[in-house]
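Novice: attaching a predicted model along with its sequence, questions to come.
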2 protein chains.
Amino acid sequence: MYFCRKHTNNDITRHGNSRTDVDIYPRSMEKHITIKDIARMAGVSVGTIDRVIHNRGRVSEASRAAIEQILAKIDYRPDVHTSAKPHRKRYKILVTMPTAVTGEYWGAIQTGITRCIREYADLQIDCEYSYYNQFDIYSCRSAFENIVNQGPDAVVIGPTFASETRKLCESLGKEQIPYVFVDSTIEGTSPVASFTSDQYACGYLLGEMTDMITPGDGEIALFRPERAGNEASSNSIEKRKGFFDYFRLNGKEGRHVSEHLFSVPNPDETERRLTEFIHSNPGVRGLAITNSRGYIMADILRKSGISHVKIVTFDLTTNNIRCIREGSISAILCQRPEQQGYKAVKSAIKWLLYRQEDENIVHLMPLDIVVKTNLPFYMASLNE
Amino acid sequence: MYFCRKHTNNDITRHGNSRTDVDIYPRSMEKHITIKDIARMAGVSVGTIDRVIHNRGRVSEASRAAIEQILAKIDYRPDVHTSAKPHRKRYKILVTMPTAVTGEYWGAIQTGITRCIREYADLQIDCEYSYYNQFDIYSCRSAFENIVNQGPDAVVIGPTFASETRKLCESLGKEQIPYVFVDSTIEGTSPVASFTSDQYACGYLLGEMTDMITPGDGEIALFRPERAGNEASSNSIEKRKGFFDYFRLNGKEGRHVSEHLFSVPNPDETERRLTEFIHSNPGVRGLAITNSRGYIMADILRKSGISHVKIVTFDLTTNNIRCIREGSISAILCQRPEQQGYKAVKSAIKWLLYRQEDENIVHLMPLDIVVKTNLPFYMASLNE
DNA sequence: CTGTTAGCGCATTCAC
DNA sequence: GTGAATGCGCTAACAG
């Protein structure tokens, strides 16, 4: 593949009363070079150019060398739009991830995915989904086992179980099928790109925000989900580390910070334990929750008539949105799941069309801080 | 113009072990309808179709009616990529705004603009700039007077002076030249789109954030720039209103909030007055600045050895970035200037190419909250 | 191995 | 008023 991209030789021009300290801006005045031009330069036909550009073989070494020569010199960029047309190929992108529920995390990722597919509707792209139960490794395995034989041109993976994912990636690698990750990335694989966020930083920011908004002398409690049986996810561990590092590295040892587990599948017990905790620790003024379940805490506190405890949690889910509007949650940290989905598909498409890979494989999403006032604007921007 | 867009009749399909609560996702399986198809249906030639689609006239009423009939029924969307080719037209987009300085607000807007131009480099688009001095109405006037005679196909306007801008828009309107606004929008004009943020909400959020991070009993001081001579900008007024409304509408009357002016062109006096203010008001724990000059306050306080005062300001300028890294500024509120520039150009291009206007003219940007921890991720995302 | 050519969807002459 | 023909940049099928 030989798609040279030289952004360096844009001419720099000033006009009229223009003044600026911003150095360069492209004016794209140069004539766009076509394969026809290259053919003329090389003294061969367009067919030959096409063959060497796409490594289709059946080209003499002499021609190939000559053509690669000038290809290296010039700034040839194929007109991707006209080139997509002729061969009439439909690309099939397969998405496999935990079941997407509207208003929850994976639902947001899916929203971004569909938006991207829609935006590229001109191109012939099919998108199919294969969901699995993120709490059931067997469900994941059976989903993953059926990926390759569906003959996708590219796969978007929302991973949960590392070993299963690695196995899938290995099969995809053998078949030369490109794949991208959303939400998290798995070591020992070779994705075209992955869109995720720095979990340690998430935890650190959780610490910073909770510290910021919890009145000076108030105690802080960290709540982490209790994983049924198996070990905590690595995400959760990283977050925890970041959270405590914030206090440790910023001279906040004076702040009283405690740590607790809560059970997602068992809300009754959580309610009982939290209520008891709050009553026996009246000095607590800030609650930090490492996942999206902050609304559970908020609802419990509201039912108990407690309003002096600040809550910080993750993800703009329907319930969290409700709570931040009510004022029962103070801040929500978001990792732009829509954008993750959108960008994942976009990078897959770019790879399929132009074999164009990003210079960086891992894309860390920004960590957004959403409070009551900027919520509506933030939400409006998600659909754009 | 007759570019129907019906996203409604996408077929909805489920595959394999797919399960979801997210209702629709487009699969774009349908054959793409071409003008050839329409010609066949209408029993005319493609030329005729083209004429009615583009209102070029020279079509019998009978044909026109028949064609519009089926046009209304079907979901015809022109293949924008191939359609842009043939006429080989270069579009010239003219950008006029206050002088852009790297690392400051308008520099960020320009960054977004150039990024968009670069992204659409396939299309033949020239971009030229005409800067003016935002503090000098004559400079603005002379820049604006030279816009129309440069023969732009579209104009991006970063307005400062309302009346000058209105005059410019009027000329553009006469010439049928489309224009879009960045940063703020001017009443009484008809832009294709405008990208701005809700200034009242900015002020309100400034209030909320300052309140959140200023310890319970600390006093808060609002600082607004003093405009030399002329009245305060409407942006500034809106922000001020939002700021005080936050405290008023959220039962925060107990909080002591004072208001002050500072002079941008006269830093010495500002330093003197601020130092005096801080010393004579030892109860102050939070400073809210309605523009990007928070770093000035931060630097003054740092020089005075004062570290117990939180500062909240606007815009990710070089100086503010430095201060937030140092810890002398606690939070920065951003209105995504890069995205404003990017989207402004994008909407201009879309209009030029497809006459496609957004359903909403005014696009309110999200208000981002940047603190020390999420700063690096936020900055990294700006170039994507 | 290589050149030629027929499309792709659209806009634009240019005859009729 | 209308249709046929040409070109845009590229791929792919087909002759040599």
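Specialist: Cool, got the structure. Numbers count the residues shown, from 1 in each chain, chains lettered A, B, ... in the order given.
Novice: quick one: A:Ala331 and A:Ala108, what's the gap?
Specialist: The spacing between A:Ala331 and A:Ala108, counted by CB to CB, to the nearest Å, is 18 Å. C-beta here means a position set from N, CA and C on the backbone, and glycine is covered the same way.
Novice: the more surrounded of the two?
Specialist: Using other CB atoms under 10 Å in any protein chain shown, the more surrounded residue of A:Ala331 and A:Ala108 is A:Ala108, with 26 against 23.
Novice: grab the nearest non-local neighbour of that one.
Specialist: Using CB to CB, 6 or more residues apart in numbering or on different chains and skipping the chain neighbours, the partner closest in space to A:Ala108 is A:Pro337 (3.8 Å).
Novice: number of nearby residues for the one you found?
Specialist: 26.
Novice: that one and A:Ala100 touch, don't they?
Specialist: No - at 10.1 Å, A:Pro337 does not count as touching A:Ala100 under the criterion of CB atoms under 8 Å.
Novice: okay, and the common contacts of those two?
Specialist: Jointly contacting A:Pro337 and A:Ala100 under the rule CB atoms under 8 Å, 6 or more residues apart in numbering or on different chains are A:106, A:109.
Novice: pLDDT weak spots in the stretch 151-300 of chain A?
Specialist: Residue ranges of the stretch 151-300 of chain A with pLDDT under 70: A:227-233.
Novice: tell me where it has helices.
Specialist: Secondary structure of the stretch 151-300 of chain A, counting by DSSP state H, counting those that start in this stretch: helices at A:162-174, A:199-213, A:234-249, A:267-280, A:294-303.
Novice: not counting sequence-adjacent ones, nearest residue to the residue of the stretch 151-300 of chain A found nearest DNA strand C?
Specialist: Proximity of the stretch 151-300 of chain A to DNA strand C (CB to the nearest atom of the strand) peaks at A:Asp153, 19.8 Å away. Distances taken as CB to CB, 6+ apart put A:Tyr91 closest to A:Asp153, at 4.5 Å, once the chain neighbours are dropped.
Novice: wait, the one you found sits on A:Asp126?
Specialist: Yes - the pair A:Tyr91 / A:Asp126 is scored as a contact, 7.0 Å apart, by CB under 8 Å.
Novice: count of neighbours near A:Pro265?
Specialist: 10.
Novice: how far away is the closest residue to A:Ile289 other than its chain neighbours from A:Phe135?
Specialist: Closest residue in space to A:Ile289, ignoring its immediate chain neighbours: A:Thr313 at 4.2 Å, by CB to CB, 6+ apart. Here the distance between A:Thr313 and A:Phe135 works out to 20 Å (CB to CB).
Novice: the more surrounded of these two?
Specialist: Using other CB under 10 Å, the more surrounded residue of A:Thr313 and A:Phe135 is A:Thr313, with 29 against 14.
Novice: how about the residue lying closest to A:Ser171 once chain neighbours are set aside, what does it touch?
Specialist: Using CB to CB, 6+ apart and skipping the chain neighbours, the partner closest in space to A:Ser171 is A:Val148 (5.0 Å). Shown in contact with A:Val148 (CB under 8 Å, 6+ apart): A:171-172, A:175, A:177.
Novice: state the pLDDT value of A:Val148.
Specialist: Looking at A:Val148, its pLDDT is 94.
Novice: up against DNA strand C, what does chain A have?
Specialist: By CB under 7 Å from any atom of the strand, the residues of chain A that approach DNA strand C are A:43-48, A:51, A:58-64, A:82, A:85-86, A:88.
Novice: show me the residues you listed that map onto helices.
Specialist: Residues of the residues of chain A next to DNA strand C located in helices (DSSP state H): A:46-48, A:51, A:61-64, A:82.
Novice: now the residue of the stretch 151-300 of chain A closest to DNA strand C: how far from A:Ser163?
Specialist: Using CB to CB, A:Asp153 is found at 25 Å from A:Ser163.
Novice: I'd like to know how many residues surround the closest residue to A:Arg336 other than its chain neighbours.
Specialist: Spatial nearest neighbour of A:Arg336, excluding adjacent residues (CB to CB, 6+ apart): A:Met365 at 4.8 Å. Applying other CB under 10 Å, we find 23 residues neighbouring A:Met365.
Novice: next: A:Ala66.
Specialist: Neighbours of A:Ala66 using other CB under 10 Å come to 17.
Novice: quick check: longest helix in chain A by residues?
Specialist: Assigned via DSSP H, chain A shows its longest helix as helix A:337-354.
Novice: does anything pack onto the helix or strand just after it? Which helices or strands?
Specialist: Next helix or strand after helix A:337-354 toward the C-terminus (DSSP states H and E): strand A:362-364. Where contact means 3 or more CB pairs under 8 Å, 6 or more residues apart in numbering or on different chains; DSSP states H and E, strand A:362-364 is packed against strand A:193-196.
Novice: and the closest residue to A:Ile186 other than its chain neighbours, how far is that from A:Cys202?
Specialist: Nearest residue to A:Ile186, sequence neighbours excluded (CB to CB, 6+ apart): A:Thr165, at 4.7 Å. Here the criterion is CB to CB. By it, A:Thr165 lies 21 Å from A:Cys202.
Novice: over to A:Pro376?
Specialist: As defined by CB to CB, A:Pro376 lies at a distance of 24 Å from A:Cys202.
Novice: which of those two has more neighbours?
Specialist: Higher neighbour count among A:Pro376 and A:Cys202: A:Cys202, with 23 against 15, using other CB under 10 Å.
Novice: now the closest residue to that one other than its chain neighbours: how far from A:Gly216?
Specialist: Excluding the flanking residues, the one nearest A:Cys202 by CB to CB, 6+ apart is A:Lys239, at 5.4 Å. Plainly put, A:Lys239 is 24 Å away from A:Gly216 if you go by CB to CB.
Novice: those two: which is more packed in?
Specialist: For the pair A:Lys239 and A:Gly216, the greater number of neighbours falls to A:Lys239 (28 against 13), based on other CB under 10 Å.
Novice: rewinding a little: I only care about the residues of chain A next to DNA strand C that end up buried; give me the PyMOL line for that.
Specialist: One line in PyMOL is enough to select the buried ones among the residues of chain A next to DNA strand C; burial here means 16 or more other CB atoms under 10 Å in any protein chain shown:
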select buried, chain A and resi 44+48+51+59+63+64
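Novice: and the residue of the stretch 151-300 of chain A closest to DNA strand C, how many neighbours?
Specialist: Residues near A:Asp153, counting by other CB under 10 Å, number 18.
Novice: now the stretch 151-300 of chain A against DNA strand D: closest residue?
Specialist: Closest contact between the stretch 151-300 of chain A and DNA strand D, by CB to the nearest atom of the strand, is at A:Asp153 (13.1 Å).
Novice: pretty sure that residue contacts A:Trp351?
Specialist: No - using CB under 8 Å, A:Asp153 is not in contact with A:Trp351, being 9.5 Å away.
Novice: follow-up on the earlier one: neighbour-wise, which of the contacts of A:Val148 leads?
Specialist: Going by other CB under 10 Å, A:Leu172 tops those with 23 neighbours.
Novice: surely that residue touches A:Ile147?
Specialist: Yes - taking contacts as CB under 8 Å, A:Leu172 lies within contact range of A:Ile147: 7.3 Å.
Novice: who touches both of these two?
Specialist: Contacts common to A:Leu172 and A:Ile147, judged by CB under 8 Å, 6+ apart, are A:Val155.
Novice: which element follows the helix or strand where A:Thr114 lies toward the C-terminus?
Specialist: If you go by DSSP H and E, A:Thr114 is part of helix A:105-119. Downstream of helix A:105-119, the first helix or strand assigned by DSSP H and E is strand A:125-132.
Novice: that following strand packs against which elements?
Specialist: strand A:91-98, helix A:105-119, helix A:137-145.
Novice: give me the residue from chain A nearest chain B.
Specialist: Closest residue of chain A to chain B, CB to the nearest CB: A:His81 (3.1 Å).
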